[in-house]
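**Q** Got a predicted model here, sequence first, then my questions.
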Amino acid sequence: MVFLPYILDKDLPKIYSEASVLVYPTLYEGFGLPPIEAMACGIPTIVSNTSSLPEVVGNASLLFDPYSIKDMAEKTLQMLTNKEMQDHYIKEGYKNIQRFSWDKTAKNIAKVISEINE
């Protein structure tokens, strides 16, 4: 495990691409960009089963109980040692990220603002 200082946005794809897996043990998350960013870089993800994350990752990530170190460790070990599982979650991650884009987000926000102004 490596803890890094603040990383510039332009350097994130390189950092993600060097990872074996993204483990995201958050207890509360408004959306959860890091799992989506990792998926876009072809990295399998393991995330907390709390907050918005199950909806954000869909079936493209292993989920764990963030209050259980044992569960997190077991899921991480499974992912790191099972190439077939890694390939499955990488493939599902690429599918999942198609649901999200800044362009879609901007269009949805513009639609809401337009509806409010009417």
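**A** Thanks, I have it.

**Q** Show me what the lowest-mean-pLDDT helix or strand in the chain is packed up against.
**A** Taking mean pLDDT, DSSP states H and E as the measure, the chain has helix 102-117 as its least confident helix or strand, at a mean of 86. Applying 3 or more C-beta pairs under 8 Å, 6 or more residues apart in numbering; DSSP states H and E, we find helix 102-117 packed against no helix or strand. C-beta coordinates here come from the backbone N, C-alpha and C atoms, glycine included.

**Q** Can you verify residue 36 is assigned to a helix?
**A** Yes - assessed with DSSP: H, G, I helix; E, B strand; the rest coil, residue 36 lies in a helix.

**Q** number of nearby residues for it?
**A** Residue 36 sits with 18 neighbouring residues when counted by other C-beta atoms under 10 Å.

**Q** List the buried residues for stretch 33-46?
**A** For stretch 33-46, burial by neighbour count (16 or more other C-beta atoms under 10 Å) applies to 34, 35, 36, 37, 38, 39, 40, 41, 43, 44, 45, 46.

**Q** out of those, which one sits closest to residue 72?
**A** residue 46 (7.4 Å; C-beta to C-beta).

**Q** circling back: distance from the chain centre to the least confident helix or strand of the chain, please.
**A** 24 Å (C-alpha atoms, centre = their mean, to the nearest Å).

**Q** what do you get for stretch 12-19?
**A** The answer for stretch 12-19 is 13 Å, by C-alpha atoms, centre = their mean.

**Q** Quick one: mean pLDDT over it.
**A** In this model, stretch 12-19 has a mean pLDDT of 92.
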